[in-house]
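*Asks:* Please work out how this folds:
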Amino acid sequence: MEIINPKGLKTMSVETEWFGRKLTLEVNRVGFRTTSSVLVTYGDTVVLGSVVVGKKPVESDFFPLSIDYEEKFYAAGKISGSKFIKREGKPSDNAVLVGRLIDRPIRPLFPKGYRQEIQVVATVLSMDPSFRPDCVAMIAASSALLNAGVPFDGPVAGVRIGRVNGEFKAFLSKEEREVSDLDLVVACRDGKVMMVEAGADQVPEEVIIDAMKWACEQTKVALDLQKKLRELVNPVEQEYELKLPEESIQEKVDAWTTPKFAGGKIRGNVLERQEICDELRDDMLREFAEEAIRKMEPEMAATFEGLKVVAEKTIGVTEGEVTAKEVLGDELVKAYAEAFELAVHHEVRRGIVEEGVRPDGRKLTEVRPLSSQVGILPRAHGSSLFTRGLTQAMNIVTLAPLSFSQLIDTMEVTDGKRRYMHFYNAPQYTVGECGRLGSPGRREIGHGYLAERALTAVLPTEEEFPYAIRSVTEIMSQNGSTSMAATCSSCLALMDAGVPLKAPVSGVAMGLMIDVPKGTEITAADVDKAYVLTDLMDAEDFAGDMDFKVTGTTKGITALQMDMKVHGIPVEILEKAIKQSHEGRMFILDHMLSVIDGPRAEISKLAPRVESFMVKQDKIGAIIGKGGEMINKITTETGATVDIDDDGMVTVAGENEAIAKAVEWIKGLIEEPEVGKIYTGKVVTIKDFGAFVEFMPGIDGMLHISQICDKRLKTVEEALSLGQTVKVKLVAIDDKGKYSLSMKNISQE
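*Replies:* Purely as a prediction, here's the structure:
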């Protein structure tokens with residue numbers, strides 16, 4: 001039945017086959033008051049991408065674009081497992097990460113200076129449990145923007161790739177993801193890469209490159225379908241203005257700065273550069289202010305004293321020094337300052353492209369000076385301080401029993417556990433600014449997750465190391481590549497804590513500057529014009545075309561995150577960056593191993609001792625007991641903490657002696673009766689024909705009167721009493737599972 005549309009618009013849809021499922025894009029069915037809404041269906045997954053564009057430009061110095069990913073429990077046929085909260089509220093970390101995943105390839109495709117407020121919301125209405133819905137949400141957001149009439153140079157489409165039995169595959173099932181050694185998301189535009197994010201199990205660089213090429217081919221179907229829908233909708237292009245420095249202002253600033261920047265005058269470490277640039281900017285504004293005053297009354301302002309007189313006369317300054325704002329006004333001062341920053345960025349690019357020299361004087365492949373320490377905090381289970389140039393990261397590792405793992409309850413995950421947790425903190429003081437302290441933002445969550453992914457592949461299994469691991473990175477100082485500093489410091493602290501990593505992991509941030517005219521499409525032929533920078537710092541990040549972070553071991557890559565500032569880069573250029581990153585990673589790894597050459601042989605004496613073992617699932621009840629009576633008794637009497645998972649994993653934590661007592665007790669509870677073995681039991685029932693003896697916890701056996709001793713007894717009470725402790729031998733187990741016991745020829749001493 002056709003939906004009645006209040007706007008009188010007809011429902012339109014396009015569809016195609018993609019990886020064996022039907023992909024459908026539909027407009028005008030829902031979201032009547034949005035600027036644009038697209039309903040995307042792929043298999044049983046349905047995602048609504050909606051866009052609302054503000055009426056007027058926002059007065060700000062940044063593009064006010066927000067992209068949110070909304071998880072809905074009903075989409076998976078679930079009700080939240082929380083006993084107290086059943087309504088969706090604050091987005092989960094996963095929702096934040098997916099929102100960033102969608103944002104990163106879309107944001108660069110708007111023109112610089114665009115200030116119209118745009119809100120994009122991707123809402124998952126139905127979720128096919130056989131694959132993750134994030135890349136479908138990316139298509140929904142991209143298609144909605146493409147039909148909103150805004151200057152979005154899309155579309156983009158993403159695909160999540162795994163590798164099963166050496167073959168690339170998209171939209172993997174949960175079972176396939178568990179055996180895949182690669183989890184790679186690639187967002188593409190017109191056959192070029194816009195964004196990459198990956199977690200991998202030490203996968204070689206060549207495999208990552210081949211996967212990106214495969215993704216560029218496979219996303220063409222979804223990109224073409226979005227273009228086809230746009231042709232049907234034919235959206236009205238909205239009028240807009242770009243807030244960029246006027247050409248005359250930029251030309252004036254460029255003319256003033258060119259001789260001041262010549263000869264590498266603004267090169268040096270970040271603190272030196274900042275001081276030099278601040279002084280130059282103030283000098284420029286003062287000169288421009290004086291120039292404006294002289295134009296008011298040239299003759300009188302010919303001398304410095306005359307300048308002050310004119311200032312008093314024209315703008316009412318009677319005390320102190322004439323400031324640029326008083327003469328030029330706030331807007332013009334701001335415009336000059338923005339043009340100055342742009343001139344600095346241009347000088348950074350010029351130095352790299354023309355001279356091969358970076359702002360701090362390094363070569364393109366050179367890593368900043370490194371220094372590190374471990375074991376710096378006396379009460380921590382593991383700690384480190386990793387310093388690279390002006391970027392510094394402290395990491396603290398805490399170990400606890402597996403019961404301290406974080407429980408995960410999201411739309412996609414039910415009763416999941418996060419055993420290894422990495423958290424990243426970077427307060428404003430780390431960049432020398434004042435700022436409000438609060439809960440972590442999207443950036444902190446994203447950086448923490450990237451560093452977590454970097455080390456997940458090399459962690460020991462729960463059976464090998466039965467601990468929950470919390471790793472916290474406190475950034476102490478920032479100048480680019482803090483997520484990679486967090487990765488390196490986390491690895492050092494984990495080894496200091498005695499966590500038996502399979503291999504040490506290092507990380508490096510790479511940059512890219514491509515020497516092609518502005519607005520020119522970048523092609524594979526431009527690979528020789530691509531200047532790749534190892535160990536990216538802030539000044540190069542702001543002036544560059546790509547930010548690329550890669551982590552790994554000597555065997556291969558464990559995590560990858562790549563963001564573009566241009567409208568797509570061919571894989572051939574990215575291949576150059578990936579290969580250069582290997583040398584940088586190995587240089588940093590050598591430094592790390594010079595500080596600590598591997599995990600410590602033992603964990604910290606301050607960390608809790610933990611022992612774990614598996615039991616049969618049908619024995620779990622015996623350990624827990626009725627109403628938890630038995631497990632509570634064990635913990636109370638031994639002082640150890642006991643946890644049991646549904647799969648039969650038993651974890652015992654505490655002091656060594658307490659652990660030994662608890663483990664012996666538990667193993668006694670789950671031990672299988674063995675014919676011929678002697679047990680110490682307790683008489684629990686006396687009958688005329690014999691007695692029942694509890695020879696194992698919860699297990700009784702029949703001790704016949706003839707098996708109590710060699711002499712003939714008239715009554716059982718002649719030899720036994722209720723509650724008496726005796727030694728018995730298990731002599732038989734009949735077909736019905738009943739146990740026969742004997743006390744003959746067994747010393748009762």
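
*Asks:* For the rest of this, base every contact and every neighbour count on C-alpha atoms.
*Replies:* Noted.

*Asks:* Give me the three-state assignment for the closest residue to V124 other than its chain neighbours.
*Replies:* Using C-alpha to C-alpha, 6 or more residues apart in numbering and skipping the chain neighbours, the partner closest in space to V124 is V47 (4.5 Å). Judged by DSSP: H, G, I helix; E, B strand; the rest coil, the three-state class of V47 is strand.

*Asks:* Return the set of residues that bridge with V47.
*Replies:* V40, V124 (DSSP bridges).

*Asks:* Can you give me the neighbour number for it?
*Replies:* If you count neighbours by other C-alpha atoms under 10 Å, V47 ends up with 29.

*Asks:* Quick check: it touching V121?
*Replies:* No. Applying C-alpha atoms under 8 Å as the test, V47 and V121 come out as separate, 9.9 Å apart.

*Asks:* Can you point out the buried residues in stretch 705-723?
*Replies:* Neighbour counts over stretch 705-723 (16 or more other C-alpha atoms under 10 Å) mark 705-708, 716, 720 as buried.

*Asks:* ok, back up a step: next up, the contacts around the residue nearest to V124.
*Replies:* By C-alpha atoms under 8 Å, 6 or more residues apart in numbering, the contact set of V47 is 39-41, 122-126, 136-137, 140.

*Asks:* now the strands for the stretch 551-700 of the chain?
*Replies:* Applying DSSP state E, counting those that start in this stretch to the stretch 551-700 of the chain gives strands spanning 557-564, 609-614, 641-644, 649-654, 678-687, 690-696, 699-704.

*Asks:* Confidence-wise, which helix or strand of this structure is lowest on average?
*Replies:* In the chain, no helix or strand scores lower on mean pLDDT, DSSP states H and E than helix 304-315, which sits at a mean of 52.

*Asks:* thinking again about what came up before, output the strands of the stretch 551-700 of the chain as CSV; include the columns mean neighbour count and mean pLDDT.
*Replies:* Converted to CSV, the strands of the stretch 551-700 of the chain look like this (neighbours: other C-alpha atoms under 10 Å; pLDDT from 0 to 100):
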stretch, mean neighbour count, mean pLDDT
strand 557-564, 25, 95
strand 609-614, 19, 88
strand 641-644, 21, 89
strand 649-654, 23, 89
strand 678-687, 17, 91
strand 690-696, 23, 90
strand 699-704, 20, 90
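
*Asks:* possible to save those as CSV with distance to T365?
*Replies:* Below are the strands of the stretch 551-700 of the chain laid out as CSV (distance: least, C-alpha to C-alpha, whole Å):
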stretch, distance to T365
strand 557-564, 18
strand 609-614, 45
strand 641-644, 50
strand 649-654, 48
strand 678-687, 71
strand 690-696, 69
strand 699-704, 71
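
*Asks:* pLDDT weak spots in this protein?
*Replies:* The model of the chain has pLDDT under 70 over residues 1-2, 296-327, 414, 749.

*Asks:* Look through it and tell me its longest helix.
*Replies:* Identified as the longest helix of the chain according to DSSP state H is helix 270-296.

*Asks:* how about it: buried residues?
*Replies:* 270, 273, 277, 280-281, 284-286, 288-290, 293-294.

*Asks:* Next, give phi and psi for R350.
*Replies:* phi -60, psi -40 (degrees, to the nearest 10).

*Asks:* quick one: it from D128, how far?
*Replies:* Distance, R350 to D128, using C-alpha to C-alpha, to the nearest Å: 50 Å.

*Asks:* again with V27
*Replies:* Distance, V27 to D128, using C-alpha to C-alpha: 21 Å.

*Asks:* ok now the helix or strand containing M495, how far from the chain's centre?
*Replies:* Using DSSP states H and E, M495 sits in helix 482-496. Relative to the centre of its chain, helix 482-496 is centred 15 Å away, using C-alpha atoms, centre = their mean, to the nearest Å.

*Asks:* send the alpha carbons of it over as PDB?
*Replies:* Coordinates of the C-alpha atoms in helix 482-496 are reproduced here as PDB (Å, rounded to 0.1, in the frame of the first residue of the first chain):
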ATOM      1  CA  THR A 482      49.200  10.500  21.000                       C
ATOM      2  CA  SER A 483      47.200   7.400  20.100                       C
ATOM      3  CA  MET A 484      50.500   5.700  18.900                       C
ATOM      4  CA  ALA A 485      52.300   6.900  22.100                       C
ATOM      5  CA  ALA A 486      49.400   5.300  24.000                       C
ATOM      6  CA  THR A 487      50.000   2.100  22.200                       C
ATOM      7  CA  CYS A 488      53.700   2.000  22.900                       C
ATOM      8  CA  SER A 489      53.400   3.000  26.500                       C
ATOM      9  CA  SER A 490      50.600   0.400  27.000                       C
ATOM     10  CA  CYS A 491      52.800  -2.300  25.600                       C
ATOM     11  CA  LEU A 492      55.700  -1.300  27.900                       C
ATOM     12  CA  ALA A 493      53.400  -1.300  31.000                       C
ATOM     13  CA  LEU A 494      51.900  -4.600  30.100                       C
ATOM     14  CA  MET A 495      55.300  -6.200  29.900                       C
ATOM     15  CA  ASP A 496      56.300  -4.500  33.100                       C
END
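
*Asks:* Determine the set of other helices and strands touching it.
*Replies:* Counting contacts by 3 or more C-alpha pairs under 8 Å, 6 or more residues apart in numbering; DSSP states H and E, helix 482-496 packs against strand 370-374, strand 382-388, strand 391-400, helix 442-456, strand 468-477, strand 506-514, strand 546-552.

*Asks:* Of the buried residues of stretch 705-723, which is the nearest to V374?
*Replies:* Lowest distance from V374 to the buried residues of stretch 705-723 (C-alpha to C-alpha) belongs to L720, with 64.6 Å.
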